[in-house]
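> Prediction below, plus the sequence it came from.
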Amino acid sequence: EMQNSEVDVNRDTGLLESMARTEIDNISQAFDPEMCARLKQACGHIARARQVFVVGCGAAYPAAFQFSYAYQLFRDNLVLMDGRSGTFGDQLRGIGRRDIMIAVGARPYIRDTVRAVEFAYHQHCPVIAVCDSDVAPIALNAVTKLVVSDKSPSFFQSFTASVAIMQALVALLVAQGGQKALQRIAIAEEQLAAFDTYAEEAAP
């Protein structure tokens, strides 16, 4: 039993070390010079857009939500397409050429995400694709392709790089927004405080 336990521990440790190396590689690739240039290009499209539509279904949803939550702290022109109560199609109402869609996904691509991107194109709305391949169905006609690795030694694919990319987009947008963006964030924090949103830890 002791030998079996040691084998299990060594196996688990090996898996964790492999996951750590893979995730670090995924993030490193997501921030190479070419990707940084594409991130800046994507920010230009987002900053100029009338409305920002964000879609990411299934395992891609945390990346879409991460961007949406942070972005809405300093801008009020975002629609997160979460399809609550069957409203997925409704949330695309009014989309057009002055808007931008950010679509997040990886193989196997979820049908709702692909359909949303196709609808955006039909309405002449440009798309920023955050995905695992520049020939992904959500990236084929994208104005900016942010291609990230989803490699993982686990059975499940990794969306760590996608989340990192979405966080980077927000950071760039806040930096470009300057003092005005920071003031909007301060106001948002005051509102959260008014609703006693966060549990305050006792001072040491």
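The structure has been received and is ready for your questions.
> Please read off the pLDDT at the most centrally placed residue in the chain from the model.
Nearest to the centroid of the C-alpha atoms of the chain, with distances taken as Cα atoms, centre = their mean, sits residue 63, at 3.3 Å. Each residue has a pLDDT score; the one for residue 63 is 97.
> Looks to me like it is in a helix.
Yes - following the definition DSSP: H, G, I helix; E, B strand; the rest coil, residue 63 is counted among the residues of a helix.
> for the worst-scoring helix or strand of the chain on mean pLDDT, which positions count as buried?
Lowest by mean pLDDT, DSSP states H and E among the helices and strands of the chain is helix 2-30, with a mean of 82. Applying a neighbour-count criterion of 16 or more other Cβ atoms under 10 Å, one finds 22-23, 26-27, 30 buried in helix 2-30. C-betas here are computed from N, CA, C, even on glycine.
> Count residues in the vicinity of residue 196, would you?
By other Cβ atoms under 10 Å, 8 other residues sit near residue 196.
> Got the phi and psi for it?
Main-chain torsions, residue 196, degrees, to the nearest 10: phi 50, psi 50.
> before we move on, back to that, identify the residues contacting the residue nearest to the centre of the chain.
The neighbourhood of residue 63, defined by Cβ atoms under 8 Å, 6 or more residues apart in numbering, consists of 56, 104, 130, 159, 162-163, 165-166.
> ok, back up a step: now for the least confident helix or strand of the chain, which elements pack on it?
If contacts are counted by 3 or more Cβ pairs under 8 Å, 6 or more residues apart in numbering; DSSP states H and E, helix 2-30 sits against helix 160-194.
> Let me know the angle separating the helix it packs on from helix 2-30.
Using axes from the mean of the first three to the mean of the last three Cα atoms, to 10 degrees, one finds that helix 160-194 and helix 2-30 are set 80 degrees apart in direction.
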